[in-house]
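In: this one's structure only:
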Ligand SMILES: Nc1ncnc2c1ncn2[C@@H]1O[C@H](COP(=O)(O)OP(=O)(O)O)[C@@H](O)[C@H]1O
Ligand SMILES: [Mg+2]
């Protein structure tokens with residue numbers, strides 16, 4: 001029945017009841033409390049002094065009263081009906097509402113025993129409670145009708161209520177299911193997380209990260225020169241900073257020089273500074289990065305791109321802690337700790353002659369390699385968790401991830417390493433509300449998975465065609481015009497296929 005036709009048929013109290021029940025639907029209380037409210041509404045607005053809801057319990061194979069109004073405890077307890085038994089059992093079985101105006105007839109089995117307390121004027125009405133097409137129970141009321149009251153209208157109202165109660169049931173089922181799913185996901189996530197290591201913003205749970213953190217703590221207590229190696233985005237810059245800020249130099253400058261970003265001609269002046277008049281345009285003297293960093297740490301990023309011409313000067317800093325400004329004969333003592341980083345194979349550069357061997361040894365007193373993310377997948381869940389928290393806070397959101405999406409992220413090879421993961425999570429947090437699912441992940445995540453498959457396999461038709469052409473060529477002694485005639489092709493058509501199938505033309 002549509003809402004409009006309900007309005008036409010039903011008079012004011014019925015509409016009020018439907019409105020009140022609809023309010024309960026929107027409150028999202030638990031099912032039994034909601035149903036209790038519905039029965040109270042029937043009492044308040046419709047003078048129903050006794051009512052109950054029985055639901056079919058598959059485990060008991062019985063309909064059981066789960067909520068009642070006006071019934072005593074023992075009456076509720078007695079309220080058990082087999083399918084098809086009594087009015088309640090029959091309504092459940094058939095789905096057809098029943099009105100019984102005389103409770104003294106045999107059809108009324110009085111299972112609850114309530115009849116003995118009734119005035120005798122009440123009718124008994126039972127209607128099915130439906131969820132979608134399925135009947136899950138029965139709503140039963142005892143109501144006295146005046147002559148002017150229409151029993152037909154009453155049944156109409158109760159049928160609507162039966163459906164609304166079904167909706168309440170469905171709602172609770174869904175909420176429970178979601179809650180359960182979420183609990184399971186949380187459990188799986190926590191298991192996946194395991195013990196987490198962190199230091200100065202470095203997060204992980206892999207042995208690699210644990211060892212890295214141990215090593216950082218050790219080297220930060222010394223002034224040793226450290227060489228960080230690893231692919232782009234693995235955290236080399238982050239580790240360099242951590243070493244500095246854990247060391248006794250933390251109050252002094254941390255200066256980064258990106259050797260690949262500065263043109264060779266400017267790099268020397270940038271690193272070592274210059275005296276007034278050192279070159280055209282040097283109107284004043286200027287301090288270099290090594291001098292500015294005095295007492296602190298110099299981080300030489302992308303050291304593999306350091307021009308050969310400057311390498312002896314870097315070597316000098318490492319050996320003697322001395323620099324010479326451009327245009328000056330005088331050496332200046334500097335107290336700096338040097339950390340360098342590269343995503344190239346420095347030893348390979350030494351072999352090729354573009355990196356000095358002596359400098360290589362000086363830089364790599366303590367070499368620290370950071371493995372790519374795909375070799376320490378167990379860090380992915382903790383990193384995702386870390387970045388979700390970070391970006392949820394930054395963008396004032398509450399985005400989470402489900403277990404399936406997490407699994408896919410763990411399988412993805414992350415060529416851009418943690419930087420790529422960080423950017424991916426940031427984008428998802430900005431774009432998404434609620435839970436990140438499989439369908440929200442970028443499509444290239446899935447393309448990666450299939451890259452092992454061969455690009456093009458020749459079809460059966462193509463293979464047979466190729467065979468036929470070869471046979472025809474052999475038969476005709478590799479005279480193409482005759483082979484073409486045999487096959488029913490023009491010469492050009494045959495040439496095209498010979499090329500397409502890469503058929504070798506044997507010459508005699
Ligand atoms: N283990 C880690 N835990 C948390 N954040 C990390 C970790 N490793 C890298 N990051 C973050 O990933 C990004 C890229 O790291 P970065 O140090 O710039 O890499 P690299 O210098 O090797 O290219 C940075 O935002 C950094 O903070
Ligand atoms: Mg870097």
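Out: Now that the structure is in, tell me what you want to look at. Computed from a predicted structure; not experimentally measured. Ligands and ions are numbered 1, 2, ... in the order given.
In: contacting residues for residue 416?
Out: By Cβ atoms under 8 Å, 6 or more residues apart in numbering, the contact set of residue 416 is 232, 233, 423. Where you see a C-beta, it was placed from the backbone N, CA and C, and this is true even at glycine.
In: what about the closest residue to the first one other than its chain neighbours, neighbour count?
Out: It stands for residue 232. Nearest non-adjacent residue to residue 232, counting by Cβ to Cβ, 6 or more residues apart in numbering: residue 343, 5.0 Å away. Using other Cβ atoms under 10 Å, residue 343 has 17 neighbouring residues.
In: any idea how far residue 373 is from residue 343?
Out: 14 Å (Cβ to Cβ, to the nearest Å).
In: What of residue 206?
Out: Taking Cβ to Cβ, one finds residue 206 at 10 Å from residue 373.
In: again, but for residue 435
Out: 23 Å.
In: between those two, which one's more packed in?
Out: residue 373 (27 against 16).
In: The more buried one: what's it in contact with?
Out: Here residue 373 is in contact with 234, 379, 380, 383, 414, 417, 418, 421 (Cβ under 8 Å, 6+ apart).
In: Likewise for residue 503?
Out: Residue 503 touches 466, 469, 470, 473, 497, counting by Cβ under 8 Å, 6+ apart.
In: Tell me the one among those nearest to ligand 1.
Out: residue 466 (49.7 Å; Cβ to the nearest ligand atom).
In: That closest one: helix or strand, and which one exactly?
Out: Element membership for residue 466, per DSSP states H and E: helix 460-475.
In: Check residue 65 too.
Out: Going by DSSP H and E, residue 65 is in strand 62-69.
In: Buried residues, the helix or strand following that strand. List them.
Out: Note on strand 62-69: by DSSP H and E, the next helix or strand toward the C-terminus is helix 73-78. By 16 or more other Cβ atoms under 10 Å, the buried positions in helix 73-78 come out as 75, 76.
In: ok and the residue in the protein nearest ligand 1?
Out: For the chain, Cβ to the nearest ligand atom, closest residue to ligand 1: residue 235, 2.8 Å.
In: And the contacts of residue 373, which of them are buried?
Out: By 16+ other Cβ under 10 Å, the contacts of residue 373 give 234, 379, 380, 383, 414, 417, 418, 421 as buried.
In: residues contacting the residue most central in space within the chain?
Out: Relative to the mean C-alpha position of the chain, the nearest C-alpha, by Cα atoms, centre = their mean, is the one of residue 401, at 3.2 Å. Shown in contact with residue 401 (Cβ under 8 Å, 6+ apart): 384, 388, 409, 435, 436.
In: try residue 114
Out: Residue 114 neighbours (Cβ under 8 Å, 6+ apart): 50, 71, 75, 142.
In: Would you mind listing what in the stretch 151-300 of the chain touches ligand 1?
Out: 201, 202, 203, 204, 230, 232, 233, 234, 235, 236, 237, 238 (Cβ under 6 Å from any ligand atom).
In: The third one - that's part of a helix, no?
Out: So the one you mean is residue 203. No. Going by DSSP: H, G, I helix; E, B strand; the rest coil, the assignment for residue 203 is strand, not a helix.
In: Alright, that wraps it up for me.
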